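Q: Got a sequence here, can you model it:
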Amino acid sequence: MSFFQATSINIKGLRQFAKDILSPGISSFAGASSFRRRFRLLSSREIVLYNNYSTNTTIKPKTQLKALSLSNTSEKLPSQHLPKNFSDSTKEAINKLRDQLRYYAIVDIRSQKFLITKNDIVIAHRLRDVNVGDELRLNRVLELGSKDYTIKGQPLVSEAFYNIKATVLEQPKGPFIQIFKKKPRNRHRKRITHKQTYTVLRISEIDINKFE
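A: Next comes the predicted model:
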């Protein structure tokens, strides 16, 4: 068998492979090339994740209080001012919520949502503007409530209704995340390792403000 005959058989086999695998009506060599590109994109990356992080560290909080906006940016907030234009029905609803025994809140910390209660431990992505022992005021609350009542924000609940504080326990690093990148045609394989840094918070206070 000559070289040209072998090449012709390989091309015919590839076209037949395209007819069998691809959708009906796509049997050209361009369709086979498209399939190879899609297959190469699907098989070019392999990700192995390990996430078995836990902590039992207890650190006494410091006395200072930092008011930080825990969103995508770390901007310091001005002092909290309670607005005085709430209606009587709103004040009555807040006071009813305040009379409950326990509260919960759904907070947004750097684009991560957490359902928290008092004394909970929260493991969030690294907060760069804080140190171990700092006390933070969480001001991005999506929902606030108890067993019988719920306040939902549009999109956030007003800061005049609550006072939520958290203490920074530690800023550890998580386990290695290994990412394998492959290029089959070039016989190239690259391994990338990464360690994510976290900030561990303890919810020290969830309180509802009283309106008169």
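
Q: Please export the C-alpha coordinates of the strand ranked longest in the chain as CSV.
A: What stands out as the longest strand in the chain, according to DSSP state E, is strand 188-208. Extracted C-alpha coordinates of strand 188-208, given in CSV (Å, rounded to 0.1, in the frame of the first residue of the first chain):
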residue,chain,number,x,y,z
HIS,A,188,2.3,19.3,26.5
ARG,A,189,1.0,19.0,30.1
LYS,A,190,1.2,21.8,32.6
ARG,A,191,0.3,21.6,36.3
ILE,A,192,-0.7,24.7,38.2
THR,A,193,-1.0,24.6,42.0
HIS,A,194,-2.9,27.2,44.1
LYS,A,195,-3.7,27.8,47.7
GLN,A,196,-6.7,29.9,48.5
THR,A,197,-6.5,32.2,51.6
TYR,A,198,-9.6,32.4,53.8
THR,A,199,-10.8,34.7,56.6
VAL,A,200,-12.5,32.9,59.5
LEU,A,201,-15.2,35.0,61.3
ARG,A,202,-17.2,34.4,64.4
ILE,A,203,-20.6,36.1,64.6
SER,A,204,-20.5,37.8,68.0
GLU,A,205,-23.7,39.8,67.9
ILE,A,206,-27.0,39.9,66.0
ASP,A,207,-29.3,42.5,67.5
ILE,A,208,-32.4,44.4,66.4
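
Q: Contacts only, for the residue nearest to Pro172 when sequence neighbours are not counted.
A: The shortest distance from Pro172 to any non-neighbouring residue, by C-beta to C-beta, 6 or more residues apart in numbering, is to Tyr198 (5.9 Å). Any C-beta I mention is one placed from the backbone N, CA and C, and that applies to glycine too. Counting by C-beta atoms under 8 Å, 6 or more residues apart in numbering, Tyr198 makes contact with Tyr53, Ile123, Ala124, His125, Arg126, Gln171, Pro172, Lys173, Gly174.

Q: any idea which helix or strand carries Leu97?
A: Element membership for Leu97 (DSSP states H and E) is helix 88-98.

Q: Contacts for the next helix or strand after that helix, please.
A: Downstream of helix 88-98, the first helix or strand assigned by DSSP H and E is strand 104-109. The contact list for strand 104-109 (C-beta under 8 Å, 6+ apart) reads 70-71, 113-117, 122, 124-125, 127, 138, 140-146, 162, 164, 201, 206.

Q: what do you get if the cut-off is 6 Å, keeping everything else the same?
A: Leu70, Phe114, Leu115, Ile116, Thr117, Ala124, Leu138, Arg140, Val141, Leu142, Glu143, Leu144 (C-beta atoms under 6 Å, 6 or more residues apart in numbering).
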